[in-house]
Every structure is written in C-alpha cells, then in structure tokens.
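Peer 1: Fold the following.
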Amino acid sequence: MTFMATKSRPLSGSVRVPGDKSISHRALIFGALAQGETQIEGLLEADDVLRTAAALRAFGISVEKRGARWTVEGNPWKAPARSIYAGNAGTGVRLLMGAAAGQSIAATFDGDASLRKRPMGRVLDPLRDFGLQAEDTKGGLPVSISPSILQAGTYRLPVASAQVKSAVLLAGLGAEGVTVIEEPVLCRDHTERMLKAFGVRLDSEPMAQGGRRITMQGQQALQATSVTVPTDPSSAAFPVVAGVLVPGSDIVVEQVLLNPLRSGLFTTLQEMGADLSFENKREISGEPVADIHVRYSLLKGVDVPADRAPSMIDEYPILAIAAATASGTTRMNGLAELRVKESDRLAAVSAGLTASKVQHETGEDWLSVTGGSVSGGGVIETMMDHRIAMSFLVMGLISDDPVSVDSIEMIATSFPEFISLMETLGASFRR
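Peer 2: Alright, predicted model coming up:
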C-alpha cells in the first residue's frame with residue numbers, strides 16, 4: 001500500500017529516536033554470553049532486534065522484558081530445536097553465527113528473501129579459517145554450522161565491515177589462542193567498547209601503515225553488567241535532515257550517539273552549511289552522546305571522501321536527499337558497500353532520484369547529485385528497504401508535488417515510530 005508525504009509546514013519540537021540498532025543487537029548477545037543477569041535500558045524494540053532476542057531464546061537463553069528494562073540471563077548455549085529465522089536482520093544473523101561458532105554448537109540460520117540475497121561468505125570465510133565446519137547456500141543463507149573446536153588466528157579485514165569484525169571477535173571468545181584482527185580502514189567499534197564493559201581484556205593499537213590491530217585472548221569469561229542504549233544516529237538522520245531542509249524548522253533530537261565512527265553524516269552536513277549544534281554532551285555506557293539542535297539551512301554541494309563511508313554507510317540515501325536541495329554538486333565516493341545492503345541501495349537511490357527528476361550520475365561505487373528545486377511526483381520503488389522509504393518520505397516534505405513510496409511496512413525493522421515521531425514535529429503524511 002502506497003504512503004504519501006506532502007510539503008510540510010516548519011518542523012518544531014524536541015524528539016528522541018529509538019535506541020541504536022547496532023548496540024541493541026550486541027547488548028542482547030553479550031548478555032547471553034555473560035555470567036549473571038544483564039539489564040538493558042533503551043533497547044530498540046524493532047523487528048530486527050526482536051528477531052535476535054527470539055534467536056537467543058532458541059539457544060536456551062532467558063530474555064525478558066520487565067517494565068522498561070530488558071533482562072538477559074547468561075547460560076551455556078544449547079543447540080536450537082529449529083532453524084534460527086533472522087527475518088531481515090543482517091547484523092543479528094552475522095553476529096549470532098560468530099557467537100554460536102564460539103560456543104561450539106550446531107545451528108542453522110535462515111532469513112527472509114532479502115536477507116537470503118546478502119553475502120554470508122565474508123563472515124564464514126574467517127570463521128572457517130579458525131576451524132568452523134559450515135555449509136552455506138551459494139554463499140548465502142541458509143547456513144548450517146557444526147560443533148567445532150576453533151583455533152584463533154590473525155585475520156585482516158578485506159573491507160571495512162563491523163559485522164565481520166564482530167563475528168570474528170565473538171567466535172574468538174570461544175577459541176583457543178589469541179585472535180588478532182587487522183583493520184586497515186576503521187569501522188564501528190561498538191563491539192570492542194562493549195566487550196570491555198563486560199570485562200573482556202582486549203587491546204587495540206594503531207598499525208604503522210594506518211588502521212589498527214585488535215588483539216584478544218580467547219576463552220575469557222564475560223561478566224554481566226548494566227547497559228543503557230543511546231539513540232541511533234542512523235535513525236536520527238531522518239529528523240535531522242528534515243529539520244535542515246524544511247524552511248523555518250527548529251528542532252532538537254535528543255541523546256544521539258556521537259561515536260566518531262558513526263557520525264560522518266553530521267560532519268558532512270556541517271561541511272554543506274547545515275546549522276547543527278551539539279548540546280549537553282555526555283557519555284552513556286561508554287559511548288559519547290549529545291542533543292542535536294537543528295535549524296533550517298541553505299546547503300552547498302561538497303565532495304564526500306571515500307574514507308568517510310564506514311562512518312555513515314547507512315546514511316547515504318538520506319544524504320542524497322539533502323544533496324538534491326544543495327547549490328552545486330555533491331559527489332559521494334566509496335559506496336560499494338551500498339550494493340549489498342537490504343537492497344542495492346545505490347541503484348534504489350538512483351531510481352528514486354530519477355523518478356523525482358533530480359539530476360544525478362552514478363557509478364559502481366559513487367554517486368553525484370546536482371541540487372536544485374525538488375519537484376517530486378510519482379511513486380518511489382523502495383525495494384522493501386526501510387532506509388529508502390524513510391529517505392524519500394523526507395524528500396516529500398520539501399517537494400513541489402507529493403512523493404509516495406510503494407510500502408512502509410519494512411520501516412518497522414529499524415524505526416517503528418518514524419511516522420508518528422515525524423508527525424509530532426509537524427510533518428505532513430497521507431495514508
């Protein structure tokens with residue numbers, strides 16, 4: 001069923017987006033591996049994260065919601081009686097495969113049609129190097145793993161992928177010996193931060209040629225702790241960009257995670273001329289956060305360097321919408337990873353921009369958008385990708401003609417409150 005966004009009045013007010021998806025997955029999984037009861041506040045209660053919670057229950061772990069808190073009681077993992085169905089949760093299934101490999105149990109993992117198309121070899125290859133016995137389906141799901149004694153080793157990340165790095169570290173927790181990960185291009189470090197919070201000894205040091213080397217002794221015991229999940233910068237991106245683009249807007253998005261390996265979009269928006277200020281800076285569960293004060297701004301085109309991509313890989317669709325309004329041309333580089341997300345996001349963004357009559361060019365790993373007036377019109381094919389749907393709904397708030405998307409159901413995978421939250425600020429939608 002289509003859903004429409006129309007030109008909006010100025011946005012105003014203060015909002016708080018849901019908890020960070022990456023940290024929510026990790027908090028559940030690390031709690032399941034730890035000794036004792038882990039309490040989690042601010043967990044993202046979206047489809048992807050709830051799939052991870054259900055998977056952990058299938059592994060014999062107690063995962064419960066008690067009031068506003070979630071509790072996870074760590075126990076030895078058991079082979080599940082059924083296949084683990086991850087839905088569309090790419091982060092969840094990859095991290096669970098690494099954790100289950102480290103627990104030396106048998107399990108089969110599967111997902112929906114979209115997740116079955118996403119590559120799993122990038123996770124399975126290093127785990128196989130450690131000794132994991134696994135069978136995949138043409139490099140993807142379903143994947144079956146067998147109980148295996150893992151021998152830790154050194155793995156150099158061929159791409160900047162926090163999911164791969166995290167899966168290897170989770171497997172390394174149960175392996176014999178020392179796990180060493182060489183990371184030539186820095187990517188999200190939530191796993192390293194959270195492992196330390198759970199009492200794991202882990203070293204990280206710069207490499208002479210750039211990047212960093214992570215070293216961790218295997219077979220360490222995790223100790224349960226309390227985790228507060230900060231809000232998701234990838235979700236905050238939508239009201240932030242809307243606040244920048246809708247004339248007259250003045251909003252605050254509260255308690256946003258500002259980990260430097262996740263905040264590339266905000267840096268880029270400021271380079272484009274966005275009026276963003278970061279207030280009430282503080283730290284939550286070892287992660288930096290702040291309230292982002294956003295005011296309507298006139299933007300200019302910029303070149304976004306390829307080395308910034310890991311810190312904003314999920315935000316390029318909404319950045320493309322911002323670029324469509326900017327004076328001049330914005331070129332985004334190093335986007336190959338967008339080809340293997342929930343959809344081919346680079347193709348999906350390009351198709352949406354074409355439907356909206358926005359001048360742009362694209363290549364295998366780059367996108368160039370020339371800004372101007374945004375006419376909108378037509379129906380955007382989301383390819384069942386939540387971030388494509390939300391990005392083009394934001395475009396509709398500033399378009400001369402309404403913008404419709406072909407579906408919004410998949411938004412629940414990461415941001416169930418998106419529509420109601422944006423309407424609270426003053427956004428105009430039509431069901």
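
Peer 1: just the strands in the stretch 251-400 of the chain please.
Peer 2: Under the criterion DSSP state E, counting those that start in this stretch, the stretch 251-400 of the chain contains strands at 275-284, 287-295, 303-304, 329-333, 360-362, 366-370, 379-380.

Peer 1: Name every strand pairing with the third one and say which way it goes.
Peer 2: The reference is to strand 303-304. Paired strands of strand 303-304, with direction, are strand 329-333 (parallel) (DSSP bridges).

Peer 1: got a list of contacts for the partner strand?
Peer 2: 272, 301-306, 309, 316, 319-320, 322-323, 365-371 (Cβ atoms under 8 Å, 6 or more residues apart in numbering). Placement of C-beta: from N, CA and C, glycine included.

Peer 1: swap in stretch 336-348?
Peer 2: 88, 90, 114, 118-119, 159-161, 309, 313-314, 316-317, 335, 349, 362, 364-365, 367, 381-388, 410, 413.

Peer 1: cool, stretch 32-40 as well?
Peer 2: In this structure, residues lying in contact with stretch 32-40 by Cβ under 8 Å, 6+ apart are 24, 27-28, 30-31, 56, 59, 61, 63, 69-75, 77, 99, 103, 170, 173, 198, 221-229.

Peer 1: hey, where'd the strands end up in the stretch 1-150 of the chain?
Peer 2: 3-6, 12-15, 34-35, 37-41, 62-66, 69-73, 84-85, 107-110, 133-137, 140-146.

Peer 1: Select, out of these, the one closest to Ser204.
Peer 2: strand 34-35 (20.9 Å; Cβ to Cβ).

Peer 1: Now do that closest one, average pLDDT.
Peer 2: Averaged across strand 34-35, pLDDT comes to 98.

Peer 1: residues touching Arg188, list them.
Peer 2: Here Arg188 is in contact with Ser22, Ala162, Asn259, Leu261, Arg262, Pro310 (Cβ under 8 Å, 6+ apart).

Peer 1: Would you check how far apart the nearest residue to the second one once chain neighbours are set aside and Val405 are?
Peer 2: So that's Ala162. Counting by Cβ to Cβ, 6 or more residues apart in numbering, Arg188 is the residue found nearest to Ala162 once chain neighbours are left out, at 3.7 Å. Computed as Cβ to Cβ, to the nearest Å, the Arg188 to Val405 distance reads 28 Å.

Peer 1: likewise Arg295?
Peer 2: Where Val405 is concerned, Arg295 sits at a distance of 27 Å (Cβ to Cβ).

Peer 1: Show me which of the two is the more surrounded one.
Peer 2: Taking neighbours as other Cβ atoms under 10 Å, Arg295 and Val405 compare with Val405 leading, 24 against 14.

Peer 1: The more buried one against Thr2, yeah?
Peer 2: Yes. Shown here, Val405 and Thr2 form a contact pair, counting by Cβ atoms under 8 Å, at 6.7 Å.

Peer 1: So Met120 versus Ser166, what's the distance?
Peer 2: 14 Å.

Peer 1: Neighbour count for those two, which is higher?
Peer 2: Higher neighbour count among Met120 and Ser166: Ser166, with 29 against 25, using other Cβ under 10 Å.

Peer 1: where does the stretch 301-431 of the chain have low pLDDT?
Peer 2: For the stretch 301-431 of the chain, no stretch is flagged by pLDDT under 70.

Peer 1: repeat that for 90
Peer 2: The model of the stretch 301-431 of the chain has pLDDT under 90 over residues 340-343, 372-378, 431.

Peer 1: mind listing the helices for it?
Peer 2: 316-323, 345-355, 386-396, 418-425 (DSSP state H, counting those that start in this stretch).

Peer 1: Closest to Ser144 out of the contacts of Arg188?
Peer 2: For the contacts of Arg188, the nearest to Ser144 is Ala162 (24.6 Å; Cβ to Cβ).

Peer 1: Quick check: the closest one vs Gly98, distance?
Peer 2: The value you get for Ala162 to Gly98, if Cβ to Cβ is used, is 12 Å.

Peer 1: Likewise for Ala236?
Peer 2: 28 Å.

Peer 1: Check Ala152 too.
Peer 2: 13 Å.

Peer 1: quick one, which of those two is more surrounded?
Peer 2: Between Ala152 and Gly98, counted using other Cβ under 10 Å, the more crowded position is Gly98 (30 against 24).

Peer 1: thought that one was touching Ala171?
Peer 2: Yes. Under the criterion of Cβ under 8 Å, Gly98 makes contact with Ala171 at 4.5 Å.

Peer 1: Mind listing the shared neighbours of these two?
Peer 2: Contacts common to Gly98 and Ala171, judged by Cβ under 8 Å, 6+ apart, are Leu127.

Peer 1: Not counting stretch 58-65 itself, show me its contacts.
Peer 2: Counting by Cβ under 8 Å, 6+ apart, 28, 31-32, 53, 56-57, 70-78, 80-82, 84, 100, 103, 105, 107 sit against stretch 58-65.

Peer 1: Among the residues you listed, which ones are in helices?
Peer 2: Members of the contacts of stretch 58-65 lying in helices (criterion: DSSP state H): Leu28, Gly31, Ala32, Ala53, Leu56, Arg57, Ala100.

Peer 1: Excluding chain neighbours, what is closest to Gly174?
Peer 2: In space, Gly174 is closest to Gly102, 2.9 Å off (Cβ to Cβ, 6+ apart).

Peer 1: State the number of residues packed around that neighbour.
Peer 2: Around Gly102 there are 28 residues (other Cβ under 10 Å).

Peer 1: Quick check: which ranges of the stretch 51-200 of the chain have low pLDDT?
Peer 2: Ranges of the stretch 51-200 of the chain meeting pLDDT under 90: 159-160.

Peer 1: that older thread, which among the contacts of strand 329-333 end up buried?
Peer 2: 272, 301-302, 304, 309, 316, 319-320, 322-323, 365-371 (16 or more other Cβ atoms under 10 Å).

Peer 1: In this structure Pro317 contacts Ala389, no?
Peer 2: No. With contact defined as Cβ under 8 Å, Pro317 does not count as touching Ala389 (9.5 Å).

Peer 1: mind giving me the domain split of this protein?
Peer 2: With automatic domain parsing as the criterion, the domains of the chain are listed as 3-19+230-430, 21-228.

Peer 1: Could you check how far the shortest one is from the centre of its chain?
Peer 2: Going back to what we said before, that points to domain 21-228. Counting by Cα atoms, centre = their mean, to the nearest Å, domain 21-228 is centred 15 Å from the centre of its parent chain.

Peer 1: Next: stretch 391-399.
Peer 2: Taking mean C-alpha positions (Cα atoms, centre = their mean), stretch 391-399 and its chain are 21 Å apart.

Peer 1: If anything else comes up later, I'll come back, but that's it for now.
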